[in-house]
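Visitor: curious how this folds, go ahead:
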Amino acid sequence: MTSKKTILKNLGIAVLSTGLVACDGADERKAKYMEEGSQLYQAGDYEKAQLAYKNVLQIDPKNWESRFQMAETLSKQGKIEKAFKEYNTVVANDENHVMARVRVGQLLLLNRAVDEAEKMANEALAKEPDNVEALVLNAGVQMAKNNSDAAIASVEKALQKNPEDASAILMSASIKVKSNQLDDAVTLLKQAIEKQPDSVPLRTMLVGIYARNKQIPEAEELLESIVKIQPNEVQHYKNLALFQVGTKQLDKAEATLRDAVAKLPENDSAKTNLIDFLVEKRSLDVAIAELLPFVEQKPDDYVLKFKLASLQLADKHPDKAEETLKQIIEADKLGPNGLSARNKLASFYAAGKRVDEAKALNKEVLDANPRDGEALTLRGQFALAENKIDDAIGDFRSVLVDQPNNVNVLKLLAAAHLRNKEPELAKENMEKVVAIAPGDETARLDLASLHLQAGKEDLARQQIAELLKANPKSHKGLESLFKLDIAKKQWDKAQEVAKQVQQTFPDDAAGFYMSGLGYQAEGKLDSSIEAFKQALLKKPDAIEPLTELVKTYMAQKQPAKAVAELQQVIKKYPDHFIAYNLLGGVYLSEQKFADAKTAFNKALQIKPEWFSPYRNLALSELMQKNKAEAIKIYTTGIEKTKGAMELVEDLARLYHSAGEHDKTLALYEDSYKRFPQSALAVNNLASYLSDYADSPENLERAAQIAEPLAKSNNASFLDTVGWIAYKQGKLELAADLLSKALQAAPDAPITNFHIGMLYVKQNDTVKAEQHLQKALDSKAKFDGMEEAKQALEKIKQGA
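Guide: Numbers count the residues shown, from 1 in each chain. Presented below is the predicted three-dimensional model:
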């Protein structure tokens, strides 16, 4: 009889044996997949090689060499972010993996993270002091830090270890170029090419030096040789064509691109490169005529069909573009191209105000793929436009889960946080944008603005300094620095910046205009006049310097000089409607009504859709007590300008002051119909409905119309929606909104009146008296002033 102990012992041996066999089988499969991945990588089939290495990792997630090799395949496929992540994982887990550190360092150096790249180079060289790629990386780091001697020493050591290493030769040549030793660089590269005649990188760098030396034939010959070495690489044809375009050889460039199409008939990029060239250098019609046969030959080629749709849109044939996108949707149904076409069509509909159709397509995409980044972004934009801020933030964040470096979505998320009164979160997202895209000037300036709003001038200046360090000729950067200096009354610094703009852009008026603004702000009006005149010498028809020059003359009570300057401009530029409008303004200030009218009418003859001359003509009539004529001018102006809000506001004030509330309301109704998305139009109508047509039905309508204003930062808008809530008896909501309005504008008489009345309702007579008194002490007239006086008197009598 077999004992229980024996059975367990035998069972243990069996289990152990099975485990050994299993381990042995796993090792065999790992080795098989590693070998398969290596062979596929060598053959250039990077996608399948990636899958092979992924299979190894499924068996053994801690196989760091396999993870490194998978990162190499990702890099070859152009998936740099994913590759970087995998390289970093290897670095974090395998302290001895030198090449992972080299790759991380190379990518960091490309992104100008020099200190971090140096850390990787040092770690790699500590393990393998003679590793050629690590030595080349170190040379690149030292060059970035302007340590030329250290860079030369490092690259020379690399070349001693492997004199034919292309990356070391390229680095050595780069150092020579930076040191202006161009002949030595050319000699080095030529010698290397003799030994490695098929090396494309060596030839490419030599092309760059030849181009820099204006050795056009030599550069072109090299580019042609690269095409011959790798005739199946479409990018080489494109590089040659771009060079030919840059040297004004358009026919040769077109021939090169057509050669690529002929030799690579299945390559879509070859075709789209040709089409892009024809768009830019010939015409849209020629490009479309070329593209249509390609599409007809390959009707299932979605790349070409998408290209056709984009050209049809650019050619102002939206109906044809719509039809092309619908064809893709019909052909691919809910496949990736069908969803992409829906996204593009939805964006097209949204741009054309066909919002319902856009939303329907957007829903189809998200029903099929709830994580579609493009569709989520569009839905977030819809939510943002409708003031559904939380929904917008949710969608943008969902996109960033899968696409953390999507700059456009990070900017949208920052904008949403700003709308949601979350400046710190907005700032965090803009900091991410700047980290990802350090050359994005607009992002840096937006971030600087957020720092300023937070009272952190030093951080704002730091962002502007970084911008100007990367691009010392940045017009936007210099302008922002100038504005910052003006705001801080640092007049000398502001003038230094203006002078820098003058020197950087000697043919531009901007530097002198900025100087004029600086002197004007400082109160040095004579100096500002000279600066504005200098700006006009640079650009005689410039609007801003002319406007400021006239304003300065008027501030000095020198209207005759203003008139003379304007007449001189008009003589040279008879269609300068701004000059006529300014001239009318000068005459109006002198009460020369006939001359003013002539000038304003001349401006309208040239620019009938511009609101300003109508406004000035109406003001002229009002100054002459011709109210009926002023109303007629406003009415005509509103019609001609298709509802210019400035004219609507002026006419509404005129009607309101006369107690013509029905006319005011009708005017605001019409404005709201024209511009239902305009916060100002919404505010005007909702406010007037609640004050002058305050039946329960109208109050409810006013509340519905005004609802989007509750998310605004505008004190007046918050006051409107808060006052409507008060009138509806929603005192808690009213308190919240009116408090926000008061926080935004603590001295506003109307808001102090409204919140005072709220405290009356809440029987808080102390706060009610405080705010009502403040409203009345302002001496400003406001609707409800008599009601405020009565309420305050009642409180005092009660006290």
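Visitor: neighbours of the residue lying closest to residue 334 once chain neighbours are set aside, how many?
Guide: Nearest residue to residue 334, sequence neighbours excluded (CB to CB, 6 or more residues apart in numbering): residue 368, at 4.7 Å. To be clear about C-beta, it is placed using only N, CA and C from the backbone, and glycine gets the same treatment. Residues contacting residue 368 under the criterion other CB atoms under 10 Å number 16.
Visitor: quick check, residue 368 in contact with residue 335.
Guide: No - between residue 368 and residue 335 there is no contact under CB atoms under 8 Å: 9.4 Å.
Visitor: about what we covered before: just the pLDDT at the residue nearest to residue 334, thanks.
Guide: According to the prediction, residue 368 has pLDDT 97.
Visitor: residue 17 too?
Guide: So residue 17 comes in at 37 (pLDDT).
Visitor: per-domain residue ranges of this structure.
Guide: 27-189, 289-369 (the TED database).
Visitor: how far is the shortest one from where the chain is centred?
Guide: Distance, stretch centre to chain centre, for domain 289-369: 24 Å (CA atoms, centre = their mean, to the nearest Å).
Visitor: check contacts around residue 608.
Guide: Residue 608 sits next to residue 640 when contact means CB atoms under 8 Å, 6 or more residues apart in numbering.
Visitor: what's the spacing between residue 372 and residue 393?
Guide: In this view, residue 372 and residue 393 are 18 Å apart by CB to CB, to the nearest Å.
Visitor: my bad, should have said residue 121
Guide: On the measure of CB to CB, residue 121 and residue 393 end up 41 Å apart.
Visitor: more neighbours: which of the two?
Guide: Neighbours per residue (other CB under 10 Å) separate residue 121 from residue 393, with residue 121 holding more: 29 against 21.
Visitor: what sits against the more buried one?
Guide: Contacts of residue 121 by CB under 8 Å, 6+ apart are 101-102, 105, 134, 137-138, 141.
Visitor: residue 516 too?
Guide: 528-532, 535, 545, 548-549, 552.
Visitor: so which of those residues is surrounded by the most neighbours?
Guide: residue 532 (30 neighbours).
Visitor: what helix or strand does it sit in?
Guide: Per DSSP states H and E: residue 532 is located in helix 525-538.
Visitor: what's the first helix or strand after that helix?
Guide: helix 543-555.
Visitor: and that following helix, what's its mean pLDDT?
Guide: For helix 543-555, the per-residue pLDDT averages 97.
Visitor: elements contacting that helix?
Guide: helix 510-522, helix 525-538, helix 559-572, helix 577-589 (3 or more CB pairs under 8 Å, 6 or more residues apart in numbering; DSSP states H and E).
Visitor: just want the angle from the last one to helix 543-555.
Guide: Here helix 577-589 runs at an angle of 10 degrees relative to helix 543-555 (axes from the mean of the first three to the mean of the last three CA atoms, to 10 degrees).
Visitor: now do the second one
Guide: When the same axes, to 10 degrees is applied, the directions of helix 525-538 and helix 543-555 differ by 150 degrees.
Visitor: next secondary structure after the helix-or-strand element of the chain with minimal mean pLDDT?
Guide: The weakest-scoring helix or strand in the chain, judged by mean pLDDT, DSSP states H and E, is helix 4-42 (a mean of 64). Following helix 4-42 in sequence order, the next helix or strand is helix 46-59 (DSSP H and E).
Visitor: mind listing what's buried along the helix or strand containing residue 699?
Guide: Using DSSP H and E, residue 699 sits in helix 696-706. By neighbour count on 16 or more other CB atoms under 10 Å, the buried set for helix 696-706 is 698-699, 701-703, 705-706.
Visitor: if you count neighbours, what's buried in stretch 464-475?
Guide: 464, 466-468, 474.
Visitor: other residues contacting it?
Guide: Contacts for stretch 464-475 (CB under 8 Å, 6+ apart): 438-439, 441, 444-445, 448, 476-478, 480-481, 484, 501, 504-505, 510.
Visitor: just the buried members of those?
Guide: Of those, these count as buried by 16+ other CB under 10 Å: 438, 441, 444-445, 448, 477-478, 480-481, 484, 501, 510.
Visitor: which residues of the stretch 151-300 of the chain fall in helices?
Guide: When assigned using DSSP state H, counting those that start in this stretch, the helices of the stretch 151-300 of the chain occupy the ranges 166-178, 182-195, 200-212, 216-229, 234-246, 250-263, 268-281, 284-297.
Visitor: distance to residue 638 and mean pLDDT added to those, as TSV?
Guide: Below are the helices of the stretch 151-300 of the chain laid out as TSV (distance: least, CB to CB, whole Å; pLDDT from 0 to 100):
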stretch	distance to residue 638	mean pLDDT
helix 166-178	63	95
helix 182-195	67	96
helix 200-212	58	96
helix 216-229	60	97
helix 234-246	50	97
helix 250-263	50	98
helix 268-281	41	97
helix 284-297	38	96
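Visitor: wait, which of those helices is closest to residue 688?
Guide: Of all these, helix 284-297 sits nearest to residue 688, with 48.5 Å by CB to CB.
Visitor: for the helix or strand following the closest one, name the packing helices and strands.
Guide: Downstream of helix 284-297, the next assigned helix or strand under DSSP H and E is helix 302-314. With contacts taken as 3+ CB pairs under 8 Å, 6+ apart, helix 302-314 sits against helix 268-281, helix 284-297, helix 318-332, helix 336-351.
Visitor: restrict helix 302-314 to CA atoms and write it as CSV.
Guide: Listed in CSV are the C-alpha atoms of helix 302-314, where the atom choice follows Å, rounded to 0.1, in the frame of the first residue of the first chain:
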residue,chain,number,x,y,z
TYR,A,302,-9.4,57.0,-48.8
VAL,A,303,-6.2,59.1,-48.5
LEU,A,304,-6.8,60.5,-51.9
LYS,A,305,-10.5,61.0,-51.3
PHE,A,306,-9.8,63.0,-48.1
LYS,A,307,-7.3,65.1,-50.0
LEU,A,308,-9.9,65.7,-52.7
ALA,A,309,-12.4,66.9,-50.1
SER,A,310,-9.9,69.3,-48.5
LEU,A,311,-9.1,70.8,-52.0
GLN,A,312,-12.8,71.1,-52.8
LEU,A,313,-13.3,73.1,-49.6
ALA,A,314,-10.3,75.3,-50.3
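Visitor: list the buried ones in that helix?
Guide: Buried-residue list, helix 302-314, by 16+ other CB under 10 Å: 302, 304-313.
Visitor: ok, now stretch 441-460?
Guide: So stretch 441-460, judged by 16+ other CB under 10 Å, has buried residues 441, 443-448, 450-452, 460.
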